[in-house]
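Engineer: pasting a predicted model and its sequence here:
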Amino acid sequence: RAGSWYLAAGGLAGLRALAQQPEVDADRIGFVGLSQGGHVASIAAGRAPEIAFAINVSGGTTTMSETVAWEVESAWRAAGAPEEGVAAGLELLRLSDDVARGSGDWGRYIALRGRIEAGFGERAVATFPDAPDDPYWAWWSRIVDFDPLPWWRRVEAPVLFLYGVED
């Protein structure tokens, strides 16, 4: 949340500075966000009625928690994990989300992480930290529940969403 808000404020400042340049047509300026940058673009575009357009390239329109759950499920299935492995991965993600929110059970999280690592290898848990003081937790706690959709709904300018087959 704080990171996206900070970056969106920078984008708004850039938009307004760019619009002051004599060689720039201020009526043709917009925002483009790629992947998680789509969240930043949603906030900036939602706060800038003067923009001409906004483009979201492979950026989620759901909370980060929901987006990453889809990614885990898809990636683990594509890697050949059995259904119980996919379910375990999704449960690990749910537990990690709760830990990031400050309401999780670290013991349950780290125990499941260990079982998944033992059963499927280190690569399966590489993105899930094994220490409570890992910087990941501070980052994830700021974005886990951010929902860009309400911000996109505020945008009055034309918006283009671009997704590939695997997005």
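Structural biologist: Now that the structure is in, tell me what you want to look at.

Engineer: what about this structure, any weak spots by pLDDT?
Structural biologist: Residues of the chain meeting the criterion pLDDT under 70: 1-3, 166-167.

Engineer: show me where it has its helices.
Structural biologist: Applying DSSP state H to the chain gives helices spanning 2-19, 37-46, 64-78, 83-101, 106-120, 135-143, 149-154.

Engineer: packing partners of the longest one?
Structural biologist: Packed against helix 83-101 by the contact rule (3 or more CB pairs under 8 Å, 6 or more residues apart in numbering; DSSP states H and E) you find helix 64-78, helix 106-120, helix 135-143. Placement of C-beta: from N, CA and C, glycine included.

Engineer: so which of those comes closest to Phe161?
Structural biologist: Smallest distance to Phe161 across the helices and strands packed on helix 83-101 (CB to CB): 13.7 Å, for helix 64-78.

Engineer: what's the angle from the closest one to helix 106-120?
Structural biologist: In terms of direction (axes from the mean of the first three to the mean of the last three CA atoms, to 10 degrees), helix 64-78 departs from helix 106-120 by 20 degrees.

Engineer: CA atoms only: put helix 64-78 into PDB for me.
Structural biologist: Provided in PDB are the C-alpha atoms of helix 64-78 (Å, rounded to 0.1, in the frame of the first residue of the first chain):
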ATOM      1  CA  MET A  64      -2.400  -9.200  -4.700                       C
ATOM      2  CA  SER A  65      -3.400 -12.200  -2.500                       C
ATOM      3  CA  GLU A  66      -5.900 -13.300  -5.200                       C
ATOM      4  CA  THR A  67      -3.500 -12.700  -8.000                       C
ATOM      5  CA  VAL A  68      -0.600 -14.600  -6.400                       C
ATOM      6  CA  ALA A  69      -3.000 -17.500  -5.500                       C
ATOM      7  CA  TRP A  70      -3.800 -17.800  -9.200                       C
ATOM      8  CA  GLU A  71      -0.100 -17.700 -10.100                       C
ATOM      9  CA  VAL A  72       0.800 -20.400  -7.500                       C
ATOM     10  CA  GLU A  73      -2.000 -22.700  -8.600                       C
ATOM     11  CA  SER A  74      -1.200 -22.300 -12.300                       C
ATOM     12  CA  ALA A  75       2.600 -22.500 -12.000                       C
ATOM     13  CA  TRP A  76       2.500 -25.600  -9.700                       C
ATOM     14  CA  ARG A  77       0.100 -27.400 -12.000                       C
ATOM     15  CA  ALA A  78       2.200 -26.500 -15.000                       C
END
